[in-house]
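no sequence for this one, just the structure:
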């Protein structure tokens, strides 16, 4: 359904992930990768407890740094504005004092002319005035004492003038440089403060763990679907300060989140935000492979994920999810619909190879606790062989797309999940645990044609109806789910339109939507 990345190459929309790679899938985990067992992300020698962050594959800038942080091994910190590139001040260009093209001036009445030319005098200014005689002059004994005196006086005056100009220019340059540095530092501090105060208040602006809880928020949700803002290739404009705000808010709604992919360092960003905020939260991290790119996206994200695990460990990692609607998209790209058909089994073999490769990667790290490995797909598109290869499955179950009313959406969701996913998995020898990966209700549509699913409108009131009839009831029934989603995603609206960008409990500016009331029940 609502995908955190742009569409695949086979679809009418362009696929920025496809890089033309034709390499075989399932390449060994360590290809092109160097271990970092000697890597200490919190080396006290960096000063002030500053954090070092892992390198990123494919030269994607690491953006998990705040003002004052230091980075290591060639990665760019973001001390000024946390954008993708650091601000550099160019050295001021040198000023040439008086260097001008040669030319002639008027003839004085004594037969001499003043010629403008370049001279390498003792002051090294170049371009001072020099005197010479007209070829028509009959005087061979040189200039008169009076003229010599006048010329020397003029030279001294010019030296003084140029010296004064250079001093003034130098002071101006120094002032400008100092002003830019001060302005950037002020902007950096203001950006950091505003980024952590617009949506969340802190008793200590420099300590994200001191955030003040909102009495309107409650840990009523079992889990929350989440993608950090601007975590899409090629831009990778996500920022640690914004992820910190998100975690401060989400931690007041749930103790669990699921991610979709690892591009743009989002795994490291989220784990770092959890560390700084000191919240009790676990993460199902993700790898979002593309069925048609020869495994390039999978390998890229696997290596980024591995670095994050090496840096942060697995204390806050509840699972590693390989695939998001992989089977749905593979079948669609190959004109099929049955996940257990011959076409489905071919796609399943690709996904299973990635799943096994992820297990091998985790085993190579010699972790004290190895997280389970699972996959996520549309509720009706699980391949049996894939389920037999995983520890858990995440099923997208959306009543909106089933064209049911908002009033019956909760019961439809629970029944579908039980019959299509839980009961099926229970019959397998490995009995993978099943979760609802996504469920929710859109609050608006960008066009009139998608404003209604045939039974109910996309509206805040209908989202509230679904919340009121599903959340606490699912908690009581022991149904594990990830509510879709934390906040609106404008990039989806711009790219897909309709209801795609409008599923959030919060607006894209991190404000709880007017008309939404969070239940007071407590999720398990």
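Right, received. Where do you want to start? Note that the coordinates shown come from a computational prediction; the quantities given were computed from them, not determined experimentally.

only C-alpha atoms for contact and neighbour calcs from this point on.
Will do.

Need the distance between the two termini of stretch 432-450.
Chord length of stretch 432-450, first to last residue, is 36 Å (CA to CA, to the nearest Å).

cool, stretch 488-507 as well?
5 Å.

Could you list the buried residues of that stretch?
For stretch 488-507, a neighbour-count test (16 or more other CA atoms under 10 Å) marks 488-493, 496-507 as buried.

Then stretch 462-479?
Within stretch 462-479, the residues that count as buried by 16+ other CA under 10 Å are 462-475, 479.

Now residue 328: phi and psi?
phi -60, psi -50 (degrees, to the nearest 10).

Which pLDDT does the model give it?
Listed pLDDT for residue 328 reads 98.

Tell me which helix or strand residue 463 sits in.
Using DSSP states H and E, the element containing residue 463 is helix 460-477.

Could you pull up the contacting residues of residue 271?
Residues in contact with residue 271 (CA atoms under 8 Å, 6 or more residues apart in numbering) are 312, 316.

Confirm that it sits in a strand.
No - per DSSP: H, G, I helix; E, B strand; the rest coil, residue 271 lies outside any strand segment and is helix.

Quick check: it vs residue 230, distance?
17 Å.

Between the buried residues of stretch 462-479, which sits nearest residue 450?
residue 462 (14.9 Å; CA to CA).

Quick check, pLDDT for that closest one.
99.

which non-adjacent residue is nearest it?
residue 406 (5.7 Å; CA to CA, 6 or more residues apart in numbering).

tally of neighbours for that neighbour?
When counting by other CA atoms under 10 Å, one arrives at 25 neighbours for residue 406.

swap in the one 10 residues further on?
A count of neighbours around residue 416, defined by other CA under 10 Å, yields 16.

what's the answer for the one 3 residues further on, then?
With neighbours defined by other CA under 10 Å, the count for residue 419 comes to 11.

what's it in contact with, if anything?
Shown in contact with residue 419 (CA under 8 Å, 6+ apart): no residues.

mind checking how far it is from residue 427?
Residue 419 is 12 Å from residue 427, by CA to CA.

do residue 293 as well
33 Å.

The two: which is more packed in?
Shown here are residue 293 and residue 427; by other CA under 10 Å, residue 293 has more neighbours (21 against 10).

how close does the more buried one sit to residue 345?
18 Å.

for residue 257, which residues make a bridge with it?
residue 224, residue 283 (DSSP bridges).

check contacts around it.
Here residue 257 is in contact with 223, 224, 225, 226, 281, 282, 283, 284, 482 (CA under 8 Å, 6+ apart).

Same question for residue 483.
Residue 483 touches 221, 222, 223, 224, 225, 437, 438, 439, 440, counting by CA under 8 Å, 6+ apart.

Identify the spatial nearest neighbour of it, chain neighbours not counted.
That would be residue 224: by CA to CA, 6+ apart, it lies 4.7 Å from residue 483.

How many neighbouring residues does the one you found have?
25.

likewise residue 431?
By the criterion of other CA under 10 Å, residue 431 has 17 neighbours.

can I assume it sits in a strand?
No - counting by three-state DSSP, residue 431 falls outside a strand, being coil.

Nearest spatial neighbour of it, chain-adjacent residues omitted?
Nearest to residue 431 is residue 425, by CA to CA, 6+ apart, at 5.5 Å.

quick one, what contacts the closest residue to residue 471 other than its chain neighbours?
Leaving aside its sequence neighbours, residue 471 sits nearest to residue 221 (CA to CA, 6+ apart; 6.5 Å). The contact partners of residue 221, taken as CA under 8 Å, 6+ apart, are 253, 254, 471, 475, 482, 483, 522, 523.

On the three-state scheme, the closest residue to the second one other than its chain neighbours is what?
Okay, so that is residue 254. Excluding its sequence neighbours, the residue lying closest to residue 254 (CA to CA, 6+ apart) is residue 219, at 4.6 Å. Using three-state DSSP, the structure places residue 219 in coil.

Please give me every residue in contact with residue 219.
Here residue 219 is in contact with 251, 252, 253, 254, 255, 520, 521, 522, 523 (CA under 8 Å, 6+ apart).

Columns distance to residue 331, neighbour count and secondary structure on top of these, output as JSON lines?
Conversion of the contacts of residue 219 to JSON lines gives the following (distance: CA to CA, whole Å; neighbours: other CA atoms under 10 Å; DSSP: H, G, I helix; E, B strand; the rest coil):
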{"residue": "251", "distance to residue 331": "37", "neighbour count": "23", "secondary structure": "coil"}
{"residue": "252", "distance to residue 331": "39", "neighbour count": "19", "secondary structure": "coil"}
{"residue": "253", "distance to residue 331": "36", "neighbour count": "23", "secondary structure": "coil"}
{"residue": "254", "distance to residue 331": "34", "neighbour count": "25", "secondary structure": "coil"}
{"residue": "255", "distance to residue 331": "34", "neighbour count": "20", "secondary structure": "coil"}
{"residue": "520", "distance to residue 331": "41", "neighbour count": "13", "secondary structure": "coil"}
{"residue": "521", "distance to residue 331": "40", "neighbour count": "15", "secondary structure": "coil"}
{"residue": "522", "distance to residue 331": "39", "neighbour count": "16", "secondary structure": "coil"}
{"residue": "523", "distance to residue 331": "36", "neighbour count": "20", "secondary structure": "coil"}
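
now those residues in JSON lines, with distance to residue 448 and pLDDT?
Output for the contacts of residue 219, formatted as JSON lines (distance: CA to CA, whole Å; pLDDT from 0 to 100):
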{"residue": "251", "distance to residue 448": "35", "pLDDT": "99"}
{"residue": "252", "distance to residue 448": "34", "pLDDT": "99"}
{"residue": "253", "distance to residue 448": "32", "pLDDT": "99"}
{"residue": "254", "distance to residue 448": "33", "pLDDT": "99"}
{"residue": "255", "distance to residue 448": "36", "pLDDT": "99"}
{"residue": "520", "distance to residue 448": "34", "pLDDT": "98"}
{"residue": "521", "distance to residue 448": "35", "pLDDT": "99"}
{"residue": "522", "distance to residue 448": "37", "pLDDT": "98"}
{"residue": "523", "distance to residue 448": "36", "pLDDT": "98"}
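
Distance to residue 241 added to those, as a markdown table?
Formatted as a markdown table, the contacts of residue 219 follow (distance: CA to CA, whole Å):
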| residue | distance to residue 241 |
| --- | --- |
| 251 | 15 |
| 252 | 17 |
| 253 | 19 |
| 254 | 20 |
| 255 | 20 |
| 520 | 28 |
| 521 | 30 |
| 522 | 28 |
| 523 | 27 |
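
any idea which of those is closest to residue 513?
residue 253 (14.3 Å).

Check the gap between the closest residue to that closest one other than its chain neighbours and residue 466 for me.
Nearest non-adjacent residue to residue 253, counting by CA to CA, 6+ apart: residue 219, 4.0 Å away. From residue 219 across to residue 466, the span is 17 Å (CA to CA).
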